[in-house]
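# Mind folding the following:
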Amino acid sequence: VTQTFGEIASHKEPVRGVCMAANDSMFATNSFDSVKVWSVDLFMYSQKNKLEVQCKQSLEEQNVLSMCILPGNKFIVLGTKEGQVMLYDLNQNTIVQRLQSHQKEVWEICYHTNPQSKAVKGSMLIATASSDRTIKFYTLAQSGLGDVKLQFFERIETTDEVMGVKFTPDGQFFVFSLLD
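Below is the predicted model:
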């Protein structure tokens, strides 16, 4: 980090997380009261950097613990304290799918755009890590009507609460961390 640009007042409750879009044009913040989506513009004025950040959307959604902005900046996947996984459509500014995916907290969400599993090769694969000792995998599927939904793919049980999950850069493997 070479420069700090300042603080932004936003949520009523403490901010619990932040995630950047893959192209750095936006980021999202979450707290126990809401999710906010921000646009980011970095301007260069004669060797002085100027950063403009503006809140574009606010979603009043309780207890969001984890989130992930999907490539293309059209959707954010959200995970809650109650074990829900939600698909948030940025264009519509609404939750388009709400799944009771886990029995406990969803601590992390990640994706890979080209996993190397034969069953989903060429599709986006989304993983959720939960305190209920499971990792669940979803694909992003489009219906004949054009609706985009999370489609369940696979469930893996672990020996303890799952606190984090990530895919390897080549998409062949995933790693996860347990509470123990």
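# what lines up beside whichever strand or helix holds residue 96 in the sheet?
For residue 96, the host element (DSSP states H and E) is strand 94-100. The strands that strand 94-100 pairs with in its sheet are strand 84-89 (antiparallel) (by DSSP bridges).
# Show me which residues of the strand it pairs with are buried.
Of the residues in strand 84-89, those with enough neighbours to count as buried (16 or more other Cβ atoms under 10 Å) are 84-88. (C-beta placed from N, C-alpha, C; glycine too.)
# Same check on stretch 106-120?
For stretch 106-120, the buried set under the neighbour-count rule, 16+ other Cβ under 10 Å, comprises 106-112, 115, 117, 120.
# Not including adjacent chain positions, what is the nearest residue to the residue nearest the centre of the chain?
The C-alpha lying nearest the average C-alpha coordinate of the chain belongs to residue 68 (Cα atoms, centre = their mean; 1.3 Å). What sits nearest to residue 68 in space, not counting adjacent residues and going by Cβ to Cβ, 6 or more residues apart in numbering, is residue 109, at 4.2 Å.
# how much space between that neighbour and residue 125?
Noted for residue 109: a distance of 12 Å to residue 125, by Cβ to Cβ, to the nearest Å.
# Output the below-cut-off pLDDT ranges for the protein.
Where the chain drops to pLDDT under 70, the residues are 1-7, 43-49.
# burial measure for residue 168, as a count.
12 (other Cβ atoms under 10 Å).
# surely it meets residue 176?
No: using Cβ atoms under 8 Å, residue 168 makes no contact with residue 176, being 11.7 Å away.
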